[in-house]
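Visitor: What would the 3D arrangement of this be:
(one chain, ligands or ions: 1)
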Amino acid sequence: MPPRSPATPEDPLSRERTYHERCRAAVVSMIRTAEQQVRLGADTAASGADAEVLGYRLRSHAKELSELPDGPLFFGALTFAADDPAAGEHSGQHYHLGRMRITPGPAEQPLVVDWRAPVARAFYQAGADDPQGVTVRRRFGWAPGSRGEAADLTGLEDEHLGRGGQLGQVRQARRPNGGLLAAEIERPRAGPMRDIVATIQPEQDVLVRAELSESLCVQGAPGTGKTAVGLHRAAYLLYSEPRRVQRGGMLILGPNRGFLRYISQVLPALGETGVRQSTLDDEISRHQVSREDAVGTAVLKHDIRMAGVLRRALYSRVRPDRARDLVLPDGATRRRLPAEDVERVVREVRAEEVTYGVGRQRVRERLVRAVQREAERRGGPRSGAWLQRVSRARPVAAVLNAVWPVASPEEVLCELLTSADLLAAAAGDALLADEQRALLRPDGSRGRRPGDWSSADLVLLDELEGLINRPAGYGHIVIDEAQDLSPMQCRAIARRSTTGSLTVLGDLAQATVPWAASDWGRLLAHLGKPDATYSPLSEGFRVPGAVAEVANRLLVGLDVDLPPIRSLRSDGEMSVHPVADLTAAAVATAHTALGHAGSVGVITADHQADLIRRALGRAGLRPGSPETPEARLTVVPASKSKGLEYDTVVLVEPAALVRAEPRGLNLLYVAVTRAVSRLHVLHSEALPAAFLGVHGDSAGAS
Ligand SMILES: Nc1ncnc2c1ncn2[C@@H]1O[C@H](COP(=O)(O)OP(=O)(O)OP(=O)(O)O)[C@@H](O)[C@H]1O
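Guide: Alright, predicted model coming up:
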């Protein structure tokens, strides 16, 4: 921990500490007031709204307030010029900025403005070339892990924008030259991901504050802050459009549960606790997965052509040709609807292209209405009870079941994957004979037992379910690691965002699954948002220069056309060690790495992870797994490393990662770029050629 700075009462640092104490007292009073209002049954959220937050009802509910994690109450401040028209209504004003608005009373000026308020935009966007009316931007330095004690305020740094952005008063800043921003970027990482509100960069801020109606596609090299941007955009939208977002709901989709654990604390730290964070597999899961498809079969099941195949399979059940006379006893008489009328109704409804479930309902209603018209023509108006009786009558159900039967996704898919004839009919010209054979279950099993579905089957079941009943949609969905989505997975998301918008985050170079995207245009079209704004991020906040160099060598060997990583960091370390005994070397290197501050991730090919974990355990190092982001030492199977970062990465046997899958080089690229401060590579086999910068025909292992 940096030394606490001695401060005199007239010192700005001392004044800021006193101000922080005032803010702390105001928070205590806000909690007390909110609790009182809860007791009175009042809507506490309404009390804090004011012009600054334009339509947003401050989340000052007692529970939310009291559950806010401890921490510094402000991270920055803005002073606007008194004589600059660009300052507008803020002329001559001074604002502190924090994670939430703090006000001593409902009618009083806030002591701290929420970072998402319009006035805070200048904190992120103003620069020497465009001061936006700001004369001084102040950043505060807090002791790492501070719980918000005033004494933890260790430094402040003023940037005089009116004077060409020169750094003015720098008091007790933790780095004398690079300033607080550089210190934050180079800070050793440990534990779950943290918010970046204090240091959001201009190119990131534009994305964070994009309108709700705008769908974004953010492509960026590893560590350019895509995840951070997505999460902060979620928080921003919840603030700026609370009603519209909350009506539909906000969903964050991540690649796996370990990643979700890693990011789980970012939104709560920003005061947003009601956001659903999930994986797509969990979102669409109707069954446990216990069947594994061969790679080729899985690739086919994820192929966009399956959408047409499933649609045809489902609608092959609609059989206007099976229409027959509907004969209905009605008191002393019998009502009769001729088969051709039934057939016409079915054809009409089929042409309306509604969901299968709605279609069946419509056919029923129209048959009943036709019978009603016939009955009324002969005998006058019919009652509601009569209508109900007819609509539930067995002959109606029998005809309906013949022409438009009930369908369940499981039944349709099971029949399709076990009947060569049905599959051939549904496939038409879309699938080759070989492909159809690959789809058919080898054992002819019926697949009705819970254990009979593969992961790709669940995507197909979701597609069928979507054809039968449209799922409820979200107001906004943030999709992380989107480059790994298959076309059919994209459709599952598209179904859930027909009226909402998307933030699509990813990096084509990190695509590791066989069905991964090779360009964003097609993926966005499958997501139903072909017009999403494409926004590249370019500055790398994670990977230091030495590691970026290796990653950029690998990038050349990947089948993508993307710019190299541009690291903002000058520090960092990279070393390569040929070793005879990988396991012993991994233990020794991890042991040394634990001597540094920050987390240590030992990344291995998936099949070697257990071996290394046991060895570390035997050495008394007790490693955690990606599901325990708070662990100091973690063994990470490479396939689970996406989106994570470790201060030191010990990378075990790169060649094994490359061999592990068809896109092994991409996987190696992901693994290498998890390192924040140090990358140690251990290998007993030859290093992959691309790792050494050898590409093309000459690229054998060397
Ligand atoms: N403006 C910023 N200020 C400080 N740190 C930042 C900033 N932007 C990103 N970071 C940090 O950089 C690291 C990488 O960010 P993030 O995980 O969002 O990148 P990413 O582009 O999603 O990476 P990947 O493609 O590897 O998943 C994180 O530690 C994050 O906190």
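Visitor: What residues does the stretch 401-550 of the chain have near the ligand?
Guide: D507, Q510, F541, R542 (CB under 6 Å from any ligand atom). All C-beta atoms are positioned from the backbone trio N, CA, C, and that covers glycine.
Visitor: Switch those over to a markdown table; also include distance to Y239 and pLDDT.
Guide: Converted to a markdown table, those look like this (distance: CB to CB, whole Å; pLDDT from 0 to 100):
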| residue | distance to Y239 | pLDDT |
| --- | --- | --- |
| D507 | 28 | 97 |
| Q510 | 30 | 96 |
| F541 | 24 | 90 |
| R542 | 27 | 91 |
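Visitor: Neighbour count and secondary structure added to the residues you listed, as a markdown table?
Guide: Formatted as a markdown table, those follow (neighbours: other CB atoms under 10 Å; DSSP: H, G, I helix; E, B strand; the rest coil):
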| residue | neighbour count | secondary structure |
| --- | --- | --- |
| D507 | 25 | coil |
| Q510 | 22 | helix |
| F541 | 22 | coil |
| R542 | 24 | coil |
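Visitor: Looking at those residues, which one is closest to A438?
Guide: If you rank those by distance to A438 using CB to CB, Q510 comes first, at 27.7 Å.
Visitor: If you drop the residues flanking it in sequence, what lies closest to Y534?
Guide: C217 (5.0 Å; CB to CB, 6 or more residues apart in numbering).
Visitor: quick one on the thing from earlier: and the residues of the stretch 401-550 of the chain next to the ligand, which two are the farthest apart?
Guide: In these, the most distant members under the criterion CB to CB are Q510 and F541, with 16.0 Å between them.
Visitor: Now do the helices in the stretch 151-300 of the chain.
Guide: 179-186, 202-208, 226-240, 242-248, 257-263, 266-269, 280-284, 295-301 (DSSP state H, counting those that start in this stretch).
Visitor: Which strands and helices lie in contact with the shortest one?
Guide: Using 3 or more CB pairs under 8 Å, 6 or more residues apart in numbering; DSSP states H and E as the contact test, the elements touching helix 266-269 are helix 226-240.
Visitor: hmm, who's touching the helix it packs on?
Guide: Contacts with helix 226-240, where a contact means CB atoms under 8 Å, 6 or more residues apart in numbering, come from 53-54, 56, 114, 116, 193, 195-197, 200, 204, 207-210, 212, 216, 218, 220, 245-246, 250, 252, 263, 266-267, 270-272, 275, 476, 478, 480, 503, 505-507, 537, 643.
Visitor: swap in stretch 397-406?
Guide: 317-320, 322-324, 326, 342-343, 346, 349, 359-360, 363-364, 367.
Visitor: circling back to that earlier point, ok, and which of the helices of the stretch 151-300 of the chain has the densest surroundings?
Guide: Most buried of these by mean neighbour count (mean count of other CB atoms under 10 Å) is helix 226-240; its value is a mean of 25.
Visitor: And that helix, how far out from the chain middle?
Guide: Relative to its parent chain, helix 226-240 has a centroid offset of 10 Å by CA atoms, centre = their mean, to the nearest Å.
Visitor: Over to stretch 96-116?
Guide: That offset, for stretch 96-116, works out to 29 Å (CA atoms, centre = their mean).
Visitor: Could you tell me which residues within that stretch count as buried?
Guide: The neighbour-count check on stretch 96-116 (16 or more other CB atoms under 10 Å) flags 96-104, 110-116 as buried.
Visitor: Give me the contact list for that stretch.
Guide: Outside stretch 96-116, the residues that reach it (CB under 8 Å, 6+ apart) are 19, 22-23, 26-27, 29-30, 47-48, 50, 52-53, 58-59, 68, 71-78, 95, 117, 119-120, 123, 195, 197, 235-236, 239-240, 269-271.
Visitor: picking that back up, from the contacts of helix 226-240, which land in strands?
Guide: Residues of the contacts of helix 226-240 located in strands (DSSP state E): D114, L216, V218, G220, M250, I252, H476, V478, T503, L505, G506, L537.
Visitor: contacting residues for the last one?
Guide: Which is L537. Listed by CB under 8 Å, 6+ apart, the contact set of L537 reads E203, Q204, L207, V218, Q219, G220, A221, T224, G225, K226, V229.
Visitor: No more questions from me, cheers.
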